[in-house]
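Asks: Based on what follows, work out the 3D shape:
(one chain, ligands or ions: 1)
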Amino acid sequence: SSIGGAAKRVFDLRDLAAAEVPVEVPHFELDEDPAFWMDRNVQVLVRLRPISAAESTAYGQKRCLIQDSSKTLSWTGHPETMFTFDHVACETISQEKLFRVVGLPMVENCMSGYNGCLFAYGQTGSGKTYTMMGELSKDGNELSNDSGLTPRIFEYLFARIKEEEERRREDKLKYICKCSFLEIYNEQITDLLEPSSTNLQIREDIKKGVYVENLMECYVSSVKDVMLLLLQGVANRKMAATNMNSESSRSHSVFTCVIESHWERDSMTHLRFGRLNLVDLAGSERQKSSGAEGDRLKEAANINRSLSTLGLVIMTLVDVANGKSRHVPYRDSRLTFLLQDSLGGNSKTTIVANISPSICSSNETLSTLKFAQRAKLIQNNAKVNEDASGDVMALQRQIEELKDQLTCLRKQQNAPGPPSFLLLNSGSDREYNTLAEDHQSSCDLSLLKQKVSHLEDVLVGSLRREKLAELDIRKLEAEIKHLNRLVLT
Ligand SMILES: Nc1ncnc2c1ncn2[C@@H]1O[C@H](COP(=O)(O)OP(=O)(O)OP(=O)(O)O)[C@@H](O)[C@H]1O
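Replies: Model (predicted):
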């Protein structure tokens, strides 16, 4: 059916909200738009799930929402409010379609060296886990109709990796993927792949950026490898829930995959990194006041500081996007500290807001829609994490040149006569000059050696951090310029 158009209008949509018995819900096809991410870094999709048996028993088919198109829906409470998002996935959208709209482009982005993040937000039972994980096959092989975004993302990723490595065999292109899986509950981080590792700490390092200390990372090369990690993590999540008396709906899980590619061209090795975070957030029903004021905010903060800080961070980022100068409280919670790049930073981020259309969770649904509406206003600044284009490539070349010049200088020093450039000197003080400059050049030489090796460290460090800070690049350029002057005089 046409983009944004209703496939079927069985009757006036307004009747739907009041209907007590099952009626055919209109289907709105989603638009797959590969060009979306070219000039945008944040996407918000709202997903409705079908009314559940429990909701139907309690309230029949009565709805708090009616969907108007593949981008708009109206909340039918008071006052009736219309919302517009990048996508509104109706109740009949399949897992496969959802993957094609939000998962597939994310894989392509990460393979090209962008950081990517997918969040599922919503109240308990709204479909976050169904969206992110869905059904996980026991043997890790076959996906089913109910498999969610994560298994589909990795099935597609490994197929694309195979295709790309084949296509660019001449460049010796290779991808390496490593995954980790953690849970944040009560502001404590537990490693879901090694559940005895609990209370892990977040560190920030000039080379690595923000990372979780001692978190297990596993290399994966097939969808089966990933599926086994997911099954292991999900089982550990349940175990931890019993031991710690937590509920999955009160904890956040973060599955991360770092996708690194390297290839050779013009006798240089090129590197790219993309970090993909797949986040299943805690149920938002008790955090309705996320980002709200006063006591309600405090109350929410006590229940789940990470979720309420997320609301606050988003509110602040919206101010920042509007040109206000504000401190963004990333460090006030584990979740926002860990995912700061995904919010207002170097990442292409999709927020999936899950909602139930049933009248029985009308207020929670409205609060999720408001959260999603705010999130739409965040502005990220995503860039390719690579070391072989533009400035960095030029820097590498200059370092190579410096090395050549050093080798040359060293040779001249070791040669029996004075260095060749000193022969340009003439006159009575030539001998004195030669001696002085010989001393000078040996000082320069050791200084240069130190500086070049330092430069290499800094450069490698800045690349390893998966973001190429402009400041680092400017400093490197200045240092190299200085070195060039030293070598040439
Ligand atoms: N789009 C959907 N189509 C069919 N069933 C769905 C859909 N979304 C969710 N469900 C079903 O609804 C139930 C609740 O979903 P789910 O467990 O994903 O919620 P949740 O938001 O992750 O809850 P919690 O916060 O408690 O973990 C599950 O039985 C799930 O299979």
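Asks: Run a quick neighbour tally on E213.
Replies: For E213, the neighbour count with other Cβ atoms under 10 Å is 11. For the C-beta atoms, the positions are set from N, CA and C on the backbone; glycine is no exception.
Asks: now it: how far from K97?
Replies: Using Cβ to Cβ, to the nearest Å, we find E213 at a distance of 39 Å from K97.
Asks: Then A321?
Replies: 30 Å.
Asks: and stretch 174-193, does that touch the ligand?
Replies: No. Judged by Cβ under 6 Å from any ligand atom, stretch 174-193 and the ligand are separated, with a smallest distance of 12.1 Å.
Asks: Just give me the neighbour total for the closest residue to the ligand within the chain.
Replies: Relative to the ligand, the nearest point of the chain is G127 (2.9 Å; Cβ to the nearest ligand atom). Counted with other Cβ under 10 Å, residues neighbouring G127 total 22.
Asks: Then the one 5 residues further on?
Replies: Taking other Cβ under 10 Å as the criterion, the count of residues near M132 is 23.
Asks: Then the one 3 residues further on?
Replies: Residues near E135, counting by other Cβ under 10 Å, number 14.
Asks: quick one, phi psi at the nearest residue to it once chain neighbours are set aside?
Replies: Of all residues not flanking E135 in the chain, D146 sits nearest, at 3.9 Å (Cβ to Cβ, 6 or more residues apart in numbering). Main-chain dihedrals, D146, degrees, to the nearest 10: phi -90, psi 0.
Asks: So for D146, what's the pLDDT?
Replies: Note for D146: predicted pLDDT of 92.
Asks: Go ahead and confirm the residue of the chain closest to the ligand touches P357.
Replies: No. Counting by Cβ atoms under 8 Å, G127 does not reach P357; the two are 11.1 Å apart.
Asks: intersection of neighbour lists for these two?
Replies: Common neighbours of G127 and P357, using Cβ atoms under 8 Å, 6 or more residues apart in numbering, are R49.
Asks: near the ligand, which residues of this protein?
Replies: 49-50, 52, 122, 124-130, 248-249, 283, 354.
Asks: Just flag the most distant two among these.
Replies: Farthest-apart pair in those is P50 and S248; separation 21.2 Å (Cβ to Cβ).
Asks: out of the two, which sits in the busier spot?
Replies: Just comparing P50 and S248: by other Cβ under 10 Å the higher neighbour count belongs to S248, 20 against 16.
Asks: And the next helix or strand past the helix or strand hosting I259?
Replies: Using DSSP states H and E, I259 sits within strand 252-265. For strand 252-265, the following helix or strand on the C-terminal side (DSSP H and E) is strand 268-280.
Asks: Now do that next one against strand 252-265, angle only.
Replies: Interaxial angle of strand 268-280 relative to strand 252-265 (axes from the mean of the first three to the mean of the last three Cα atoms, to 10 degrees): 170 degrees.
Asks: Strand 268-280 - which strands sit beside it in the sheet, and in what orientation?
Replies: The strands that strand 268-280 pairs with in its sheet are strand 116-122 (parallel), strand 252-265 (antiparallel), strand 385-386 (antiparallel) (by DSSP bridges).
Asks: Would you mind confirming that L65 is in contact with E364?
Replies: No. The pair formed by L65 and E364 falls short of the contact definition of Cβ under 8 Å, at 11.9 Å.
Asks: Can you report how many residues neighbour the residue nearest to L231 when sequence neighbours are not counted?
Replies: The shortest distance from L231 to any non-neighbouring residue, by Cβ to Cβ, 6+ apart, is to L136 (5.7 Å). When neighbours are defined as other Cβ under 10 Å, L136 has 19 of them.
Asks: Run through the residues that contact D39.
Replies: Neighbours of D39 in contact, by Cβ under 8 Å, 6+ apart: none.
Asks: residue ranges with poor pLDDT in the stretch 151-300 of the chain?
Replies: 206-208, 238-248, 267, 286-300 (pLDDT under 70).
Asks: same thing but 90
Replies: Within the stretch 151-300 of the chain, the ranges that satisfy pLDDT under 90 run 171, 185-187, 195, 197, 204-210, 234-251, 262-274, 282-300.
Asks: And for the stretch 301-450 of the chain?
Replies: 301-326, 328, 340-348, 374-450.
Asks: List phi and psi for the residue of the chain closest to the ligand.
Replies: phi 110, psi 20.
Asks: Distance check, it against V21.
Replies: For G127 relative to V21 (Cβ to Cβ), the value is 23 Å.
Asks: Same check on I189?
Replies: 47 Å.
Asks: before we move on, what about Y59?
Replies: 12 Å.
Asks: same check, this time on I259
Replies: 49 Å.
Asks: These two - which one has more neighbours?
Replies: I259 (24 against 7).
Asks: is that one in a bridge, and if so with what?
Replies: C177, G274.
Asks: okay but it is in contact with Y114, surely?
Replies: No. In this structure, I259 is not within contact of Y114 by Cβ under 8 Å, at 10.0 Å.
Asks: which residues do these two both contact?
Replies: With Cβ under 8 Å, 6+ apart, I259 and Y114 have common neighbours G274.
Asks: Okay, and which of the residues of the chain next to the ligand map to strands?
Replies: 122, 354 (DSSP state E).
Asks: Now, of the residues of the chain next to the ligand, which are buried?
Replies: 49-50, 122, 124-130, 248-249, 283, 354 (16 or more other Cβ atoms under 10 Å).
Asks: contacting residues around the closest residue to P50 other than its chain neighbours?
Replies: For P50, ignoring the flanking residues on the chain, the nearest one in space by Cβ to Cβ, 6+ apart is E91 at 4.6 Å. Each residue near E91 by Cβ under 8 Å, 6+ apart is listed here: 25, 48-50, 357.
Asks: can you pull the pLDDT of E91?
Replies: Model confidence at E91, expressed as pLDDT, equals 94.
Asks: and if you look at K138?
Replies: At K138, pLDDT is 70.
Asks: check which helix or strand covers the residue nearest to it when sequence neighbours are not counted.
Replies: Nearest residue to K138, sequence neighbours excluded (Cβ to Cβ, 6+ apart): L231, at 7.5 Å. Element membership for L231 (DSSP H and E) is helix 223-244.
Asks: Could you tell me which residues touch both of Y59 and V21?
Replies: By Cβ under 8 Å, 6+ apart, no residue touches both Y59 and V21.
Asks: hey, where'd the strands end up in the stretch 1-150 of the chain?
Replies: With DSSP state E, counting those that start in this stretch as the definition, the stretch 1-150 of the chain shows strands at residue ranges 42-48, 65-67, 72-75, 81-84, 87-89, 116-122.
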